[in-house]
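1. predicted model follows, preceded by the sequence.
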Amino acid sequence: MNEKKKAIYLDHAATTPVDARVLKAMQPYFSEKFANPGSLHNLGLEAKVAIKEARETVAEIINANVEEIIFTPGGTASINLAIKGIAEQKGKGHIITTKIEHPAVLDTCKYLEQKGFSVTYLDVDNDGMIKVKDVQKAIRKDTILITIMYANNEIGTILPITEIGKIAQKHKILFHTDACQAAGALDLNVEKLNVDLITLNGSKIYGPKGIGILYLKKRIKLTPLIHGGGQEQGLLNGTENVPAIIGFAKALELAQAEKDKENKRLIGLRDYFIKKVLTEIKDSFLNGHPTKRLPNNVNISFLNVEGESVLLHLNEKGVYVSTGSACSSHKLEISHVLDAIGLVHDAAHGSIRFSLGKPTSKTDLDYVIKQLIEIIAILRRISPVKITMKEIRNKVSKTFSQCSEETQK
Amino acid sequence: MKIEIKEKADIKNNTGQSWLYTDKVKEHFFNPQNIFKSDAEEKVFEKEADGIGEVGSPACGDVMRMYIKVKDGKITECRWKTFGCASAIASTSMLSEMVIGMDLEKAKKITPKDILNQLGGLPPQKIHCSVLGDQALRKAIEDYEGKEKK
C-alpha cells in the first residue's frame, strides 16, 4: 500500500467534513433559491419558508419552540451573544464557569471582568470532571449566569449538565451550556437538561462552517451582538445565511437520527484504540474521564516526547491529529485544559488528541497504531528526558520540574 | 526507519499561527544527524565523550544535551539528544553538523542566529526553540575544559 497517499483524519473535534446529504440539501440555496428572506416577492418568500422549516426541525430536535432558536454565525458567536447579551442586560453581577471552557467562553468572561463583572472559574478534578456541589457553593446573591460546557473539546469529559441545571433552576439563575462538542453524540433535549441557553455549532456535526444556533428560552432578554436590520429577533442582524441554515438543520437532523448507532460504533473503536495504544506503547496514559467521555475522543500523553514532534511525524504518514502542546513566543506551553486537570507539564507536552469520526475505521486505527509505535520510539531515542510513570503517578506535580531562567530567555 | 519528505507541510496550531518550516528544518527533523543509533552506542560514546552539557527542563518544553569529543583544540565528534518540538530537534541536529571539525574557540561563539541562518529561518514563535543548542554546546565545552585543567 502506498503510505504517502493515505489520509487518516483524526481531528473531528476541530471540525468535521460536510456530509454529502447536507451538501445536497444546501445546494439549491446558493444560485437558485438565493433570494433575501426579507424580500416580499415570491423568491424571498421561498427562502423565508426554508428558514422557517429549518428552524422547526431544530426546535423539534432539541424540544424547544421555534421562536427560541436563534441562528448565529457559529459557536463562538452564539457564546458571545449568550454571555455578553445577558451581562449587558443585567449591568453587573457574578458569573460562574469552569477552567476548562473553550476560549470563546473564557475570553468573553475575562473581557467582562474588565468591565466590572466578577467571575468564578471552577476547578475540575484530574479527569476534568466538575463537582456539582462546587457549583452550588460558588453561587452568590448577585450571580447572574452559570455557563458550563456539556463536553470538553480536548479531553472529551462529559459534564453533569442536568444536575447543574437543577441547581441553577432552584436558585433562579440563568444557565448556558456550550454543547458544540456534544451535539453529535449526546441528548439535546433542553427540558431534560434544565438549561436556559444552549450553543450548538454546525461545523462539528458534519454541517457547514460559519453557522450555529443559540437556544434562548422564552422571555430571556439579551442585548444584541450585532445591530442592524432586525433579523434573528434583532439579536444577530444581517441577511440570513440561508444555505448554511438549511445545512445546519439537515446536519443536526442526521446527527441525532444516527446518534445511537454511531455512538456505539465509535465507543467500540475508541476503547479498542485506547487499550491497544496503552498496551503497545509503554509510559503512556489516557487524559480525561475513562467512561464519561465523548464517544470519539481519545487524548493520550506519551512521556518523554513532545506533541508537535509526534504530530508532524504522523502528518508525514498521512495521519492528522492535534496536540495540547504548543510554542508561544517564549516557551513551550500546555493547553489550559491539561493545566486545569493538574497534569504535570512534563507529561502534558506529550499529549495527542485523536478525535474519531464517521469515516474512521478499525483498519485506519491499526495503521495509526503501527505508525505511532515507530514514531514514539524514534523520538524517545533522541530524547534526554526519562520520566517514569511512577514519578507521574506520585504527582510531584508542577513543582517537580520548574522552568529555569535559561529556558525562558 | 527512513522517513520520506513531502513538499510543504503547512501546519497550524490551535492559535492559528502558521507553522511553515523550511526544507532544511524538515530535513533535519525527519532525518536527524549525529544521533545515537542504539543504546549500546550511546553508552560507549557517553563514556568516551570529552565533554557533556545539558540545558533546559521538560516542564518548559525543551531539553538539550550535547556530547563532544575533542582533539587538538577541535571538535572531532558530536552527538546530541533533544526533547522538544520539530524546531528544537532540527536546531540541535543542524548545530551538530556545524561544529564537527570546528575550533573550540569558534564553537563557543556560535549564536542562535548562526543556527537559524543555517536552517533558513524558523517561524517567529519558534525562534526560542533554537536558543538552547548553543548553550548546551558551551556547557559541553566548559565540561571538557574543566576536566583538562585537573
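-> That came through, no problem. Everything quoted here is computed from the prediction, not taken from an experiment. Residues are numbered from 1 along each chain as shown, chains lettered A, B, ... in the order given.
2. all contacts plus neighbour counts: C-alpha atoms, from now on.
-> Will do.
3. packing partners for whichever helix in chain B runs longest?
-> In chain B, assigned by DSSP state H, the helix with the most residues is helix B:131-149. Contacting helix B:131-149 under the criterion 3 or more C-alpha pairs under 8 Å, 6 or more residues apart in numbering or on different chains; DSSP states H and E are the following elements: strand B:51-56, strand B:63-71, helix B:86-99, helix B:104-108, helix B:112-119.
4. mind listing what residue 79 touches?
-> Unless you meant another one, I'm taking chain A. A:104-105, A:178, A:199, A:214 (C-alpha atoms under 8 Å, 6 or more residues apart in numbering or on different chains).
5. ah, I was thinking of chain B
-> B:34-36, B:66-68, B:96.
6. kindly report the same for A:Ala179.
-> Counting by C-alpha under 8 Å, 6+ apart, A:Ala179 has contacts A:149-151, A:198-201.
7. ok and the residue in the stretch 51-200 of chain A nearest chain B?
-> Closest to chain B within the stretch 51-200 of chain A is A:Pro103: 10.3 Å, counting by C-alpha to the nearest C-alpha.
8. what pLDDT does the model give that residue?
-> In this prediction, A:Pro103 carries a pLDDT score of 96.
9. next: A:Val124.
-> 97.
10. element containing it, please.
-> Using DSSP states H and E, A:Val124 falls within no helix or strand.
11. unless I'm mixing things up, it is touching A:Lys131, no?
-> Yes: using C-alpha atoms under 8 Å, A:Val124 is in contact with A:Lys131, at 7.3 Å.
12. any weak-confidence spans in the chain?
-> Just so you know, I chose chain A. Regions of chain A meeting the criterion pLDDT under 70 cover residues A:1-5, A:328-330, A:395-409.
13. the chain in question should be chain B.
-> When residues are selected by pLDDT under 70, those of chain B lie in B:1-19, B:150.
14. residues in it within reach of chain A, list them.
-> Taking C-alpha under 8 Å from any C-alpha of the partner chain, the part of chain B that reaches chain A is made up of B:4-6, B:13, B:30, B:35-36, B:38, B:55-65, B:80-86, B:124-129, B:132.
15. any idea which residue of chain A is furthest from its center?
-> Most distant residue from the mean C-alpha position of chain A: A:His41, 39.9 Å away (C-alpha atoms, centre = their mean).
16. spatially nearest residue to the most centrally placed residue in chain B (excluding sequence neighbours)?
-> Geometric centre of chain B, nearest residue: B:Thr92, 1.3 Å, by C-alpha atoms, centre = their mean. Closest residue to B:Thr92 apart from its sequence neighbours, by C-alpha to C-alpha, 6 or more residues apart in numbering or on different chains: B:Gly133 at 5.5 Å.
17. name all residues that make contact with the one you found.
-> B:64-66, B:91-92, B:95, B:112.
18. now with 10 Å, please.
-> By C-alpha atoms under 10 Å, 6 or more residues apart in numbering or on different chains, the residues touching B:Gly133 are B:53-56, B:62-66, B:80, B:82, B:88-89, B:91-96, B:110-112, B:115, B:139.
19. what of A:Asp271?
-> By C-alpha under 10 Å, 6+ apart, A:Asp271 lies in contact with A:277, A:290-291, A:295-298.
20. for B:Thr82, same thing?
-> So B:Thr82 contacts A:304-306, A:379-385, B:35, B:54-56, B:62-66, B:88-93, B:132-133 (C-alpha under 10 Å, 6+ apart).
21. what is the burial count for the closest residue to it other than its chain neighbours?
-> Excluding the flanking residues, the one nearest B:Thr82 by C-alpha to C-alpha, 6+ apart is B:Met64, at 4.5 Å. B:Met64 has 28 neighbours, counted by other C-alpha atoms under 10 Å in any protein chain shown.
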